[in-house]
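Chemist: Make a model of this:
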Amino acid sequence: MSGSIHPTALIDPAAQIDGSVRIGPYCVVGPGVTIGAGTEIGPHCVLDGITTIGRDNRFYRFCSIGGMPQDKKYAGEPTRLVIGDRNTVREFTTFNTGTVQDGGATTLGDDNWIMAYVHIAHDCHIGSNTILANSVQLGGHVHVGDWAIVGGLTGVHQFSKVGAHSMTGGNSSLMQDMPPYVLGAGNPCRPVGVNVEGLRRRGFSASVIASLREAYKIMFRRGLSLDEARAELRARQQSHPDADQALQVLLDFVDASNRGLIRP
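Modeler: Below you'll find the model as predicted:
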């Protein structure tokens, strides 16, 4: 693939751009930007900050990538934005760099589908193979696990976590942590079941899905305390070795939760 830079684009000489990159009309690329092979930047995009973009990404028109954090504590420190490979980023998205109050970086993994008007705030960490639908708004320090789907117009409160393979319905308001594999919806977002169809599509066996459905009942339907639910989930690991890994992902998430879990 041969690259091309439109003559109306403003590219700082210090930017590091692979020769196969394509940059459209009226783009602005700052001095701290690195763009990997095969990436395409659509018209009217602004890429600045200390921003590293991997291979074969596609940014549509009017994206703002690598802007400074919308955090009043930010004092110009050299924080970063790191984007992986093969991501699709649609119109009018805003991705901010990190802050020194956290790890100093905002990250986006590989093969994500980021729709129009999505905001990824400072110090967010997005995994791989996620879908953030139109107008999803992520507050600072939000973590989104692999294969998660966040429905359109969903707002996620700062410091909240969205577990792997979970899914929120559109127009949800997520104020606490949503565990892996769970379907959530509403304002405030509440658990409404297991993401069975998503798990089937990703090759989870019927027996593992059955174990996760039982785990959901243990956590949300039986009135157990969190400690009691943990103990039952660990016992289920021992009696259902085929689901051990999936249940461990769930237990690790629960153990790491700081804001508490969404509840029915």
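
Chemist: Now do the contacts for residue 238.
Modeler: Listed by Cβ atoms under 8 Å, 6 or more residues apart in numbering, the contact set of residue 238 is empty. C-beta coordinates here come from the backbone N, C-alpha and C atoms, glycine included.

Chemist: Doesn't it lie inside a strand?
Modeler: No: under DSSP: H, G, I helix; E, B strand; the rest coil, residue 238 sits outside any strand and is assigned helix.

Chemist: where's residue 91 relative to residue 59, distance?
Modeler: Residue 91 sits at a distance of 9 Å from residue 59 (criterion: Cβ to Cβ, to the nearest Å).

Chemist: who's more crowded, these two?
Modeler: Set side by side, residue 91 and residue 59 show more neighbours around residue 59, with 27 against 17, by other Cβ atoms under 10 Å.

Chemist: wait, doesn't the more buried one sit right on residue 65?
Modeler: Yes: if you go by Cβ atoms under 8 Å, residue 59 and residue 65 touch, sitting 6.9 Å apart.

Chemist: what residues are shared contacts of the two?
Modeler: Counting by Cβ under 8 Å, 6+ apart, the residues touching both residue 59 and residue 65 are 45, 89.

Chemist: For residue 256, give me the pLDDT.
Modeler: Note for residue 256: predicted pLDDT of 95.

Chemist: now swap in residue 240 and tell me
Modeler: 89.

Chemist: Could you do residue 71 as well?
Modeler: pLDDT at residue 71 comes out at 97.

Chemist: What residues sit buried inside the helix or strand where residue 231 lies?
Modeler: Element membership of residue 231, judged by DSSP states H and E, is helix 226-239. For helix 226-239, a neighbour-count test (16 or more other Cβ atoms under 10 Å) marks 229-230, 232-233, 236-237 as buried.

Chemist: Adding pLDDT, write these out as TSV.
Modeler: Formatted as TSV, the buried residues of helix 226-239 follow (pLDDT from 0 to 100):
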residue	pLDDT
229	95
230	94
232	95
233	95
236	90
237	91
